[in-house]
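**Q** Would you be able to build a 3D model of this:
(chains A and B, ligands or ions: 2)
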Amino acid sequence: MNKLLFGRYIPQDSFVHHMDPRAKLVLSFLYVIVIFFANNWWIYLLMTVVALLSIWASKINFKLFVDGILPLIWIIAFTMLIQVFFGTGGHLYWQWGIFSVTSLGILNAAYIFVRFTLIILISTLLTLSTSPIQISDAIESLLKPLEKVHFPVYEVALMLSIALRFVPTLMDETESIMNAQRARGVDFGTGNIVQRIKKIIPILIPLFVSAFNRAEDLATAMEARGYQGGAGRTKYRLLKWGIRDTIATLIYLLMTVVVFALRFF
Amino acid sequence: MAITFKSVSYTYQPNTPFEFHALNEISTKIEDGSFTALIGHTGSGKSTFLQHLNALLKPTSGTVLIEDATITHETSNKNLKPLRKKVGIVFQFPEKQLFADTVKKDIAFGPENFGSTPEEAGKLAKKMIELVGLPVSLLDRSPFELSGGQMRRVAIAGVLAMQPNVLVLDEPTAGLDPSGRQEIMHLFTSLQQSQHFTIVLVTHQMEDVANYANHVIVMEHGKIVKEGRPREVFADVEWLHDKQLDVPASTEFAFEMVKRGFHFDKLPLTEQELADDIAAMFKRRRRSNE
Ligand SMILES: Nc1ncnc2c1ncn2[C@@H]1O[C@H](COP(=O)(O)OP(=O)(O)OP(=O)(O)O)[C@@H](O)[C@H]1O
Ligand SMILES: [Mg+2]
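**A** Ligands and ions are numbered 1, 2, ... in the order given. Modelled structure (predicted):
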């Protein structure tokens, strides 16, 4: 469980860390969209360079990004295999019933591998360099226009940031409950499927009880401190667009333009 | 049942930026039938130490000898069950582990996991709930309807029902009222004496250490910085204060008197000793005045 990189913020003093989270969020989305337009190696090369440059600018150890990819390696491999055996077009190397291995199939599989890897790298960069609270601040700020259509932006953002805040807490709690049940003789990870499901009950129930208690305590504590919700609340953490964000945006826009040029002309 | 630590180190999340060395080269022995108290500032590694006592955690380096089982970082997770039956752990805030729909089922959970039949386990549940000082009528209630203190006792009963040889207690009385605290501590000592339990207790209550323990381990930053009988450990009041640890109130009282020029042959640990010492002091003074 500790291997999971989701929500793992790694504080650093770097270009990327000091960027406005809104810029990081939007640029990451832009990157993921643009990569779906990639159809030749020049584009992939360019996008790899941009990804590596962004990672370099975050000063985060590259090994952590590799750790982020490893858990997903089977999904990537599976998708590639499907491409290799079901892809059609180009030179035919081998065929057996509905299975065929063609040059285009192999090429597509290679593209998929690079595409997957790059998407994971960029999204890992976002979560490693941006604390959950910054991400939810950014989402709130970006959703602000929706207030016009009476979308409860503030409430949604609050829910999101509380949920994100409690992910690590609940993970620790799970761990300590599992330990307590292990000490009472539960052997997790043995037995048939029915037995295994039964063993989850002694974890889930205490976890729910404590999550509900926590939620109730939190609500009481917020009310006791005069919490009132959206309107009129000022912010402690202000989002500020800076020169770094402009630079990064320009680089990513340039990349987008070049990618489209390479693809369509 | 003795448990021996040989230069045990433990690292949380090794090889990540979150790496944390929680135990550093710990060597000590928990003697069979002893009452060991583990004290130390918050974050000093006490709970980490405890989880090595039944192989919930395995040392990153070094070995733990639990009776005749040797635990190293290579020990497989299989076959640990017999060991976990022998070493029962009551965790910090054990009421968090309650899950069953009745108190009875919750207490019977441990014994059933270790192979008791439901009838045996049910009998044990009845015996244990009386032992921890709760009415038998609670057995059919939901554990979630009980008060915090009652839940704590049910959780303790659940561990006692496993009939372990070693009882490990992580701040079992934190948050209980004073009389509840005393009752629970009395229960543990009487168990130790009547059934030859070995007890390991983590506590911030130095009175409990003075009253019940015969072996004290002081931890700081994942190391054992002092170890010995309570009298030896509490002899150096200033050193303990320096480690942000208390001494029993009676010792503190005597220590303040020493500062004001009174003399104690050895610092008292309990109220009884303090009272005796002061009485003796007055007697001596009266005699020298006469
Ligand atoms: N899962 C974990 N991952 C990383 N570090 C941890 C983990 N669990 C504990 N630690 C760290 O190890 C150190 C020792 O923790 P431990 O729980 O053993 O302390 P303790 O002496 O029991 O403290 P307390 O008196 O507050 O219960 C702490 O600094 C804690 O931050
Ligand atoms: Mg602890």
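**Q** who touches residue B:55 in this structure?
**A** B:64, B:66, B:69, B:71, B:75, B:80, B:83, B:84 (Cβ atoms under 8 Å, 6 or more residues apart in numbering or on different chains). Placement of C-beta: from N, CA and C, glycine included.
**Q** tell me which of these is nearest to residue B:1?
**A** Checking the contacts of residue B:55 against residue B:1 by Cβ to Cβ gives residue B:66 as the nearest, at 7.6 Å.
**Q** hang on, the earlier thing: ChimeraX command for the buried members of the contacts of residue B:55?
**A** Burial among those is assessed by 16 or more other Cβ atoms under 10 Å in any protein chain shown; the matching ChimeraX selection reads:
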select /B:64,66,71,75,80,83,84
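**Q** any idea which element the residue positioned nearest the centre of chain A lies in?
**A** Among the residues of chain A, the one closest to the centroid is residue A:123, at 4.8 Å (Cα atoms, centre = their mean). Under the criterion of DSSP states H and E, residue A:123 resides in helix A:103-129.
**Q** mind listing the strands for the stretch 1-150 of chain A?
**A** According to DSSP state E, counting those that start in this stretch, the stretch 1-150 of chain A carries its strands in the segments A:92-96, A:99-102.
**Q** would you turn these into CSV with mean neighbour count and distance to residue B:52?
**A** Shown next, in CSV, are those (neighbours: other Cβ atoms under 10 Å in any protein chain shown; distance: least, Cβ to Cβ, whole Å):
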stretch, mean neighbour count, distance to residue B:52
strand A:92-96, 10, 56
strand A:99-102, 16, 53
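**Q** wait, which of the ones you listed is closest to residue B:215?
**A** Closest approach to residue B:215 among the strands of the stretch 1-150 of chain A (Cβ to Cβ): strand A:99-102, 70.0 Å.
**Q** Neighbouring strands - and their directions - for that closest one?
**A** Here strand A:99-102 has these sheet partners by DSSP bridges: strand A:92-96 (antiparallel).
**Q** sec struct for the residue nearest to residue B:213 when sequence neighbours are not counted, please.
**A** In this structure, residue B:213 finds its nearest non-sequential neighbour in residue B:37, 3.7 Å apart by Cβ to Cβ, 6 or more residues apart in numbering or on different chains. Classification of residue B:37 using DSSP: H, G, I helix; E, B strand; the rest coil returns strand.
**Q** could you give the angle of the lowest-mean-pLDDT helix or strand in chain A to helix A:103-129?
**A** Each helix and strand of chain A was given a mean pLDDT (mean pLDDT, DSSP states H and E); the minimum falls on strand A:92-96 at a mean of 80. Strand A:92-96 runs at 90 degrees relative to helix A:103-129, counting by axes from the mean of the first three to the mean of the last three Cα atoms, to 10 degrees.
**Q** Other residues contacting strand A:92-96?
**A** A:100, A:101, A:102, A:103.
**Q** Go again with 7 Å.
**A** A:100, A:101, A:102 (Cβ atoms under 7 Å, 6 or more residues apart in numbering or on different chains).
**Q** So residue B:35 is in contact with residue B:200, correct?
**A** No - counting by Cβ atoms under 7 Å, residue B:35 does not reach residue B:200; the two are 8.3 Å apart.
**Q** Tabulate the contacts of strand A:92-96 (a markdown table), appending pLDDT and distance to residue A:145.
**A** Listed next are the contacts of strand A:92-96 as a markdown table, based on pLDDT from 0 to 100; distance: Cβ to Cβ, whole Å:
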| residue | pLDDT | distance to residue A:145 |
| --- | --- | --- |
| A:100 | 81 | 49 |
| A:101 | 83 | 49 |
| A:102 | 83 | 47 |
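**Q** where does the residue nearest to the centre of chain A sit relative to residue B:164, distance-wise?
**A** Note on residue A:123: its distance to residue B:164, by Cβ to Cβ, to the nearest Å, is 47 Å.
**Q** Spell out which parts of the stretch 51-200 of chain A neighbour chain B.
**A** Proximity of the stretch 51-200 of chain A to chain B (Cβ under 7 Å from any Cβ of the partner chain) is limited to residues A:176, A:177, A:179, A:180, A:181, A:182, A:183, A:184, A:185, A:186, A:187.
**Q** Closest one to residue B:4 out of the residues you listed, please.
**A** Closest to residue B:4, out of all of those and judged by Cβ to Cβ, is residue A:183, at 20.1 Å.
**Q** can you give me phi and psi for the residue lying closest to that closest one once chain neighbours are set aside?
**A** Distances taken as Cβ to Cβ, 6+ apart place residue B:89 nearest to residue A:183, at 4.4 Å, with adjacent residues excluded. Dihedral angles of residue B:89 (phi, psi; degrees, to the nearest 10) stand at phi -110, psi 130.
**Q** just residue B:79 next, same as before
**A** The phi/psi pair for residue B:79 (degrees, to the nearest 10) is phi 60, psi 20.
**Q** for residue B:6, same thing?
**A** The phi/psi pair for residue B:6 (degrees, to the nearest 10) is phi -120, psi 110.
**Q** if I look at it, how far off is residue B:71?
**A** According to Cβ to Cβ, residue B:6 and residue B:71 sit 10 Å apart.
**Q** list the residues that contact both of the two?
**A** Counting by Cβ under 7 Å, 6+ apart, the residues touching both residue B:6 and residue B:71 are residue B:63.
**Q** Now do the closest residue to residue B:3 other than its chain neighbours against ligand 1, distance only.
**A** Nearest residue to residue B:3, sequence neighbours excluded (Cβ to Cβ, 6+ apart): residue B:30, at 4.4 Å. Residue B:30 sits 17 Å away from ligand 1, going by Cβ to the nearest ligand atom, to the nearest Å.
**Q** check contacts around residue B:30.
**A** Counted by Cβ under 7 Å, 6+ apart, residue B:30 has contacts B:2, B:3, B:36, B:198, B:200.
**Q** got a list of what the first one touches?
**A** This points to residue B:2. B:29, B:30, B:31, B:32, B:67.
**Q** do that again at 6 Å, thanks
**A** B:31, B:32 (Cβ atoms under 6 Å, 6 or more residues apart in numbering or on different chains).
**Q** That one and chain A, how far apart?
**A** 19 Å (Cβ to the nearest Cβ, to the nearest Å).
**Q** The second one now?
**A** For residue B:3, the distance to chain A under the criterion Cβ to the nearest Cβ works out to 15 Å.
**Q** now swap in the fourth one and tell me
**A** Counting by Cβ to the nearest Cβ, the gap from residue B:198 to chain A is 16 Å.
**Q** Which of the residues in stretch A:61-68 are classified as buried?
**A** Residues of stretch A:61-68 classed as buried: A:64, A:65, A:67, A:68 (neighbour count, 16+ other Cβ under 10 Å).
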